[in-house]
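can't give you the sequence, but here's the structure:
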Ligand code: SF4
Ligand code: SF4
Ligand code: SF4
Ligand code: SF4
Ligand code: SF4
């Protein structure tokens, strides 16, 4: 990472005016990075940048209101920052945003499926387009392209959409914009019954831990979420697949026009439920109806927070 | 009873035999995650025995959500303001065999036993459930069962230990219940060589984990740090307070009880709860003694390594399975917190 040192110096320069800066460091083993809270220059030296930086640093911001913090972002993380600003959930003046061009992060589930158990990973080397993972006594040389997070394979925003410090040369979108929802179009070809069966079989595994909710930068009710509240009491504590699905639909609907497709919900899910598919489906509808994408323009109002007597693409009177 | 041996290719036939009288829960892969599912006799769904299951078999004895009783209200025809309530308990314990969990998973229930010993729902399930645990061939970066117990061949909590050797398993009965599961004609007596191989394999598994860290000081250290919120804020900064760690934990046993009513009838349901949730300690008055994630993580670690051992002869309420580390979305590492607590408390004592 030729620009990492430059980024570190920039952070050190701003550190005295901040409570801390959030980035990524090495986790408990070579395949896991972990969010890093940098308070001292020595902490900044632990900063890492690369395909293992899977976490969305923006997730922490709403709960840190009132503090002055710095945040290191990938392009997708920066969209969450912008969306939080749009909704007045964080204060721009208390935030310093650091960015570098991001070439994509891995999907640990894909690596797990390729090498066996992630717990057996003893070494990881990244060079060029290849990530070499030693696990179970074997070296697995994997093409980064094959284990990249799906969001990165269609990423339109490799460079932070908003930043105070940006280091490095901006990079082009991964694919033309009209291919972002190709996977959803494909899924839509199934019959409603098939899609329902798919979701039931997936949600059956849900343990109702709510990691999907807490990892989501835009899920800000958290402690007061309807999923657990008894007042109002919209969900029971039963473990039926219907209850679990109901929660995901509530989550997805609450994120309509707000979800920045960062994929944290899916990444956090310990039982690999493909939650982003639901969110992307709704985002695709929002795009078609309102020509709107979350977290791009700090000045814009998300469509479901706005009121217009008549929407251009919803021809109510013609129904 | 002597150890038995079963060749790998007869394993499913043996499990199908057990399935005639039991619900047999086995680890299978679903979209990359390993979960325990009831095995249908003759099913061709492959078992996943190489890796630790993503979700432990906690549900077998302590379901994520179970009806404790059903109730219904009936109004009196002539006196509509009077309502009768009828209540029926719903104890529904099926004979169950859990096959292919890890020894740490089974040991988890020995921690439950001190708490739920007199609970009829728990007890009836516990009595009817047997664990055939598989000794780990390869241990993961997150495994630390040797800190909290003996290691990967610990038999406490298991009814049979299945030790993988070349082309099959040596099955070592641990309890009488376990012996009862080893009567099938598909099993042969384990030969001397097979028994030796099993002993070697158990030794190898333990050696893979290396030296254990001594966590006996954690009990006092965590109490000493109880009011040190700076410490707890620091170690919990990256935690997102989700609860995945507790729901995947074979030793977390906290629950909630709610009445789930529909019309004039309903169930009183006991479901998993967890200390990482704000609602866990929210009082009726609106006061919450654990308002932040720092307070909540303090409870999770303190409960496992200090408060519980304080009440139960030093028994640590963690089996070292490592799932809370492996599946934490932000890689919070309980081992690191415990070690830091021990160091911080020691440094404070020295300074004072
Ligand atoms: S979606 Fe884009 S910005 Fe986000 S991690 Fe992937 S490549 Fe980077
Ligand atoms: S719903 Fe999922 S993809 Fe959308 S913002 Fe939340 S975590 Fe990110
Ligand atoms: S993270 Fe996964 S298992 Fe947990 S509540 Fe969400 S969907 Fe269910
Ligand atoms: S430790 Fe990890 S899994 Fe547990 S609540 Fe915190 S973030 Fe979630
Ligand atoms: S605290 Fe973590 S390591 Fe210990 S038993 Fe629970 S999940 Fe396993």
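That came through fine. The structure displayed is predicted, hence computed values, not measured ones. Ligands and ions are numbered 1, 2, ... in the order given.

let me see the ranges of the helices in the stretch 101-250 of chain B.
B:103-116, B:120-127, B:145-148, B:176-180, B:192-209, B:218-224, B:229-236, B:244-247 (DSSP state H, counting those that start in this stretch).

how about these in CSV, adding distance to residue A:225, mean pLDDT and mean neighbour count?
No exception for glycine: its C-beta is placed from N, CA and C like everyone else's. Putting the helices of the stretch 101-250 of chain B into CSV (distance: least, CB to CB, whole Å; pLDDT from 0 to 100; neighbours: other CB atoms under 10 Å in any protein chain shown) gives the following:
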stretch, distance to residue A:225, mean pLDDT, mean neighbour count
helix B:103-116, 28, 97, 23
helix B:120-127, 28, 95, 17
helix B:145-148, 33, 97, 23
helix B:176-180, 42, 97, 14
helix B:192-209, 39, 96, 16
helix B:218-224, 29, 97, 20
helix B:229-236, 20, 97, 18
helix B:244-247, 15, 97, 25
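
which one of these lies nearest to residue A:90?
helix B:229-236 (19.7 Å; CB to CB).

of the helices of the stretch 101-250 of chain B, which is nearest ligand 1?
Nearest to ligand 1 among those is helix B:244-247; the distance by CB to the nearest ligand atom comes to 21.7 Å.

so which elements touch the following helix or strand past the closest one?
Counting by DSSP states H and E, the next helix or strand C-terminal to helix B:244-247 is strand B:255-262. The contact analysis (3 or more CB pairs under 8 Å, 6 or more residues apart in numbering or on different chains; DSSP states H and E) places strand B:255-262 against strand B:265-272.

average pLDDT across the strand it packs on?
Strand B:265-272 shows a mean pLDDT of 95.

just to revisit the earlier point, please name whichever of the helices of the stretch 101-250 of chain B is nearest to residue A:111.
The closest of the helices of the stretch 101-250 of chain B to residue A:111 is helix B:244-247. By CB to CB, the value is 19.1 Å.

which strands or helices does that closest one pack on?
Under the contact criterion of 3+ CB pairs under 8 Å, 6+ apart, helix B:244-247 touches helix B:323-326.

would you mark the buried spots in the next helix-or-strand element following the helix it packs on?
Sequence-wise, the next helix or strand downstream of helix B:323-326 (DSSP H and E) is helix B:334-351. Buried residues in helix B:334-351, defined by neighbour count with 16 or more other CB atoms under 10 Å in any protein chain shown: B:334, B:335, B:337, B:338, B:339, B:340, B:341, B:342, B:344, B:345.

quick check: the first one vs residue A:3, distance?
Pointing back at residue B:334 there. For residue B:334, the distance to residue A:3 (CB to CB, to the nearest Å) stands at 35 Å.

likewise the fifth one?
Remark: distance between residue B:339 and residue A:3 (CB to CB) = 34 Å.

which residue ranges of the stretch 51-200 of chain A form helices?
A:75-86, A:108-115, A:144-147, A:150-153, A:182-188, A:192-203.

among these, which comes closest to residue B:175?
Nearest to residue B:175, of all the helices of the stretch 51-200 of chain A, is helix A:108-115, at 34.5 Å by CB to CB.
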